[in-house]
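A.B. asks: Could you look at this predicted model? Sequence included:
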Amino acid sequence: MLCTVLLFCGTLTSGAGYRNGNVEQSCDSMVPKHGGQANTTASPYTLSVDSTAFKPGDHIRVTLSGRQQFEGFLIEARDAEDPEGPAVGSFALTKPEISQLLTCHNIQGSAVSHTSAAKQTEVDVMWNAPADAPPTVRFLATVVAHYNHFWVKIPSAVISQSGVTPHPAQPTTSISAATQTTAVLPQPFSSEGCGQWKSCLLDPAHCNPATDTHCFFLSYRTEGQSVQFELSGPTQGYISFALSEDEWMGNDDIYLCVNDGGRVTVNAAYAAGRAYPEMADKAMLSDVGWRVADGVIQCRFRRATIIPQDPQRFSLDHSYYLFIAHGSAQHGEIHKHKRQPLISAQRQAITGPAEIVTGSRSPLIMKCHGALMLIAWMVAGSTGTFIAGFFKPDWPEKTLFGQRIWFQVHRAVMMLTVMLTFVGFTLPFAYRRHWSTGASAHAFLGCIVMALAVIQPIMAALRPAPDSSR
């Protein structure tokens, strides 16, 4: 009866996890971890400084501004001769309501980021030149216009230490992340070959994504030292699948196909616990293709069986539970999926023999929860109420264990109602192991019903006998 039957629905929550500016995991690359590709076009933003020379202890004003509004930013100072090296110096805030200090490369205050997704057109900070500053310093900024629309490492002019001959200025072009080449698929996927040369998870069972626009489809087959995956589902936002060590979503190897304005981006990701998935390097996926038609998103990609350089990518030589989830997306940002994920009935060997995999959106324990609640209130509870209301005049002289027959039957089925309710009530907690943070009215009503079901027999035990003056 509890809303916890909607297990896992809270895992893919909105991408607000990075709107608070806590992006220290991006200190090195300065690439946002929420997916998307860096813009390679001319940036509408500039990073300027109020001085071209400095000496240790000086304070340099750094200003990020643009012709367009932006939602997020990350500013660092780097050695101009080693832009991939650690951050240099520290910053002081001028507007703490819109900016905050971060600790990058174990240097407190060595980077500045946003505090919310509030739109800005300009932000400035003060850089404190350290005693061990290199001869030349360049400031770099990553600017997020909106979620997956961003520019990486927009450079400022080089500033030089006084008395030190500066190196020639470097070209002021953006340093962007590598892009992923994708292709549009000429035709939809097919279930042909499922169980023969490729394994397939289908919902509904035996559906064919080539002809059924309501078919959720995942296939995988081994090709040398890699595995090719095909994913399809009826959704306008995103379709995803995950490899999991258990039947719980969390700490999983996730793959997302996200519709962004008619184009699909394909990302590998990892969800630590139930946090928003952290996107991985796109270079780990190859032969990427996608298709959007008739309200269906389809994507295909290949990845190596073992990727030792990334421990978050599971080895495909092992067996895992498979999850398929889908939901809405806006500007490439995925949101909470409202439907229970499709979960394979058992672990599947990814590189094992081809087979047709079965799955369900309702685990057996939750089906038992629903069945027990149905029996408790639609059968036992209704029967007890009906007997108490209509059978009191019957068998007036007959008793069972010292009480009238109607009363004994009424009491027995009502106690059965309480017991079935208690067992059914505990099953979602046994499954989830904690209260659902996304619980709706169903969960709270279930708690109220359980409380009333316990109070009822207590009140009956304290009630005076029928011939009592009270």
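C.D. replies: Yep, it's here.

A.B. asks: Pop out the phi and psi values for His369.
C.D. replies: phi -60, psi -50 (degrees, to the nearest 10).

A.B. asks: separation between it and Gly237?
C.D. replies: Look at His369 and Gly237: by C-beta to C-beta, to the nearest Å, they are 29 Å apart. (Glycine included, C-beta is placed from N, CA and C.)

A.B. asks: repeat for Ala451
C.D. replies: The value you get for Ala451 to Gly237, if C-beta to C-beta is used, is 39 Å.

A.B. asks: repeat for Thr383
C.D. replies: Thr383 is 46 Å from Gly237, by C-beta to C-beta.

A.B. asks: What's opposite Ala53 in the beta bridge?
C.D. replies: Ser160 (DSSP bridges).

A.B. asks: Thought Ile343 was touching Pro363, still the case?
C.D. replies: Yes - because the distance of 7.0 Å satisfies C-beta atoms under 8 Å, Pro363 is recorded as touching Ile343.

A.B. asks: shouldn't Pro209 be in contact with Phe189?
C.D. replies: Yes - the criterion here is C-beta under 8 Å, and Pro209 meets it with Phe189 at 4.8 Å.

A.B. asks: what is in contact with the two at once?
C.D. replies: 217, 232, 298 (C-beta atoms under 8 Å, 6 or more residues apart in numbering).

A.B. asks: Sitting in strands, which of those residues do you find?
C.D. replies: Counting by DSSP state E, those place 217, 232, 298 in strands.

A.B. asks: follow-up on the earlier one: more neighbours, Pro209 and Phe189?
C.D. replies: Comparing Pro209 with Phe189 by other C-beta atoms under 10 Å, the one with more neighbours is Pro209, at 25 against 22.

A.B. asks: Need the pLDDT of the more buried one.
C.D. replies: As predicted, Pro209 sits at a pLDDT of 96.

A.B. asks: Ok, Leu202 next?
C.D. replies: 95.

A.B. asks: Neighbours of it, how many?
C.D. replies: Neighbour tally, Leu202, other C-beta under 10 Å: 24.

A.B. asks: which residues does it bridge with?
C.D. replies: Residues in beta-bridge contact with Leu202 (DSSP bridges): Phe217.

A.B. asks: where's it relative to Pro363, distance?
C.D. replies: Counting by C-beta to C-beta - Leu202 and Pro363 are separated by 18 Å.

A.B. asks: about what we covered before: compile the ones in strands among the shared contacts of Pro209 and Phe189 into JSON lines and extend it with columns for pLDDT, distance to Leu285 and neighbour count.
C.D. replies: Shown next, in JSON lines, are those (pLDDT from 0 to 100; distance: C-beta to C-beta, whole Å; neighbours: other C-beta atoms under 10 Å):
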{"residue": "Phe217", "pLDDT": "97", "distance to Leu285": "19", "neighbour count": "26"}
{"residue": "Ser232", "pLDDT": "97", "distance to Leu285": "17", "neighbour count": "29"}
{"residue": "Gln298", "pLDDT": "96", "distance to Leu285": "15", "neighbour count": "22"}
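
A.B. asks: Go through the residues you listed and name the one nearest Ala461.
C.D. replies: Phe217 (56.6 Å; C-beta to C-beta).

A.B. asks: can you pull the contacts of the closest one?
C.D. replies: 189, 191, 200-202, 207, 209, 230-233.

A.B. asks: just the residues you listed now: which is nearest Ala133?
C.D. replies: For those, the nearest to Ala133 is Leu231 (49.8 Å; C-beta to C-beta).

A.B. asks: Count the neighbours of the closest one for me.
C.D. replies: Leu231: 27 surrounding residues under other C-beta under 10 Å.

A.B. asks: quick one on the thing from earlier: who has more neighbours out of Ala451 and Gly237?
C.D. replies: More neighbours surround Gly237 than the other of Ala451 and Gly237, with 18 against 11 (other C-beta under 10 Å).

A.B. asks: Please look at that one and Ala325 and confirm they touch.
C.D. replies: No - Gly237 is not in contact with Ala325 according to C-beta under 8 Å; the separation is 10.9 Å.

A.B. asks: so who does Ser232 touch?
C.D. replies: 188-189, 209, 215-218, 239, 296-299.

A.B. asks: Among these, which one sits closest to Val266?
C.D. replies: Using C-beta to C-beta, these come closest to Val266 at Cys299, 5.1 Å.

A.B. asks: any idea of the pLDDT on that closest one?
C.D. replies: pLDDT, read off for Cys299, is 96.

A.B. asks: would you list every one of the helices in the protein?
C.D. replies: 364-374, 382-390, 405-432, 441-462 (DSSP state H).

A.B. asks: Let me have these in JSON lines, extended by mean pLDDT and distance to Gly261.
C.D. replies: Listed next are the helices of the chain as JSON lines, based on pLDDT from 0 to 100; distance: least, C-beta to C-beta, whole Å:
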{"stretch": "helix 364-374", "mean pLDDT": "89", "distance to Gly261": "37"}
{"stretch": "helix 382-390", "mean pLDDT": "88", "distance to Gly261": "53"}
{"stretch": "helix 405-432", "mean pLDDT": "89", "distance to Gly261": "36"}
{"stretch": "helix 441-462", "mean pLDDT": "88", "distance to Gly261": "35"}
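
A.B. asks: can you put those helices in a markdown table and add distance to Gln330?
C.D. replies: Formatted as a markdown table, the helices of the chain follow (distance: least, C-beta to C-beta, whole Å):
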| stretch | distance to Gln330 |
| --- | --- |
| helix 364-374 | 30 |
| helix 382-390 | 46 |
| helix 405-432 | 29 |
| helix 441-462 | 26 |
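
A.B. asks: which intervals of the chain have sub-threshold pLDDT?
C.D. replies: 1-21, 34-36, 164-182, 274, 281-282, 436-439, 466-470 (pLDDT under 70).

A.B. asks: list the buried ones in stretch 308-323?
C.D. replies: Judged by neighbour count (16 or more other C-beta atoms under 10 Å), stretch 308-323 contains these buried residues: 312-316, 319-323.

A.B. asks: One more: stretch 288-305?
C.D. replies: Result for stretch 288-305 [16+ other C-beta under 10 Å]: buried residues 288-292, 296-301, 303-304.

A.B. asks: what's Val227 in contact with, if anything?
C.D. replies: With C-beta under 8 Å, 6+ apart, Val227 has these contacts: 220-221, 302-303, 305, 316, 350-351.

A.B. asks: coming back round to it: show me which of the buried residues of stretch 308-323 is closest to Thr399.
C.D. replies: Nearest member of the buried residues of stretch 308-323 to Thr399, counting by C-beta to C-beta, is Tyr321, at 56.0 Å.

A.B. asks: how near is the residue sitting furthest away from the middle of the chain to Arg221?
C.D. replies: Distance from the C-alpha centroid of the chain peaks at Glu397, with 65.9 Å (C-alpha atoms, centre = their mean). Distance of Glu397 to Arg221, given as C-beta to C-beta: 76 Å.

A.B. asks: For the ones in strands among the shared contacts of Pro209 and Phe189, please prepare a markdown table with the additional fields distance to Ala87.
C.D. replies: Formatted as a markdown table, these follow (distance: C-beta to C-beta, whole Å):
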| residue | distance to Ala87 |
| --- | --- |
| Phe217 | 46 |
| Ser232 | 44 |
| Gln298 | 42 |
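
A.B. asks: With respect to Pro393, which of those residues is nearest?
C.D. replies: Nearest to Pro393 among these, with distances taken as C-beta to C-beta, is Phe217, at 62.0 Å.
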